[in-house]
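Undergrad: Here's a sequence, model it:
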Amino acid sequence: MRHILKIHRSLTDPLPTAKREYALRTFDPALDKERWLDLNNKIFAHHPDQGNWAMQDLENRMAENWFDPEGFFFAVKGEEVVGFCWTKIHQDFVNQEPVGELYVVGVDPDHAHQGIGRAVSVAAINYLVAKGLKHSMLYVDADNEKGLALYTSLGFN
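TA: The predicted structure follows:
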């Protein structure tokens, strides 16, 4: 049985960025839909929710009122997308301030262990801080040891 954790982090301060051998940029729907879809499906090939997406799955998310390409971060080496972090801001809670979510974080397995997941997550967290949000959260499978280690090191608990 799958066990999903919901973990939280305060957004009181931005996180420091580190030197890296790849560039960070935001999602450009005109250029990036197909390449993101291919990478997402490669990374999450065996994931029950995030794997095997079709273009319509992506376009359905992009049509949601929470979608903002400025909150969708890519790590790129040359023209190759090697990782991403997609944020979502929940503004529809009653009697509660908006909450920023790290919606999906992924790193190309061919580029693992290079700090890519950390870099795109830091960019996403700093984006949420700059938006004036005070709290963030994310969902992660309880058996995702690498993901949990990253998120814990970034202050989620």
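Undergrad: only C-alpha atoms for contact and neighbour calcs from this point on.
TA: Will do.
Undergrad: before we move on, what SS does the residue of the chain most remote from its centre have?
TA: Going by C-alpha atoms, centre = their mean, the residue of the chain most distant from its centre is Asn95, 26.1 Å out. Under the three-state scheme (DSSP: H, G, I helix; E, B strand; the rest coil), Asn95 adopts coil.
Undergrad: Is the residue nearest to the spatial centre of the chain in a helix, a strand, or coil?
TA: Nearest to the geometric centre of the chain sits Cys85, at 2.4 Å (C-alpha atoms, centre = their mean). Using three-state DSSP, the secondary structure recorded for Cys85 is strand.
Undergrad: Let the chain start at 3 from now.
TA: Let's use 3 as the start, then, which means that last one is Cys87.
Undergrad: Tell me how many other residues crowd the closest residue to Asp15 other than its chain neighbours.
TA: Nearest in space to Asp15, with sequence neighbours left out and distances taken as C-alpha to C-alpha, 6 or more residues apart in numbering, is Val131 at 6.8 Å. Residues lying near Val131 (other C-alpha atoms under 10 Å) number 20.
Undergrad: Enumerate every residue touching Val131.
TA: Taking C-alpha atoms under 8 Å, 6 or more residues apart in numbering as the contact definition, Val131 lies against 13-16.
Undergrad: Please identify which of those is nearest to His48.
TA: Nearest to His48, judged by C-alpha to C-alpha, of these is Leu13 at 31.8 Å.
Undergrad: Pro100 versus the closest one, what's the distance?
TA: With the distance defined as C-alpha to C-alpha, to the nearest Å, Leu13 ends up 12 Å from Pro100.
Undergrad: neighbour-wise, which of these two wins?
TA: Neighbours per residue (other C-alpha under 10 Å) separate Leu13 from Pro100, with Leu13 holding more: 21 against 17.
Undergrad: what about Asp51, helix or strand, and which?
TA: For Asp51, there is no enclosing helix or strand under DSSP states H and E.
Undergrad: where does the residue nearest to Asp15 land on pLDDT?
TA: Per-residue pLDDT puts Val131 at 97.
Undergrad: Check whether it sits in a helix, strand or coil.
TA: helix.
Undergrad: same deal with Gly108?
TA: Following three-state DSSP, the label given to Gly108 is strand.
Undergrad: contacting residues around it?
TA: Gly108 touches 42, 45, 85-87, 119, counting by C-alpha under 8 Å, 6+ apart.
Undergrad: List just the nearest of these to Pro111.
TA: For the contacts of Gly108, the residue nearest Pro111 by C-alpha to C-alpha is Ile45; the value is 6.6 Å.
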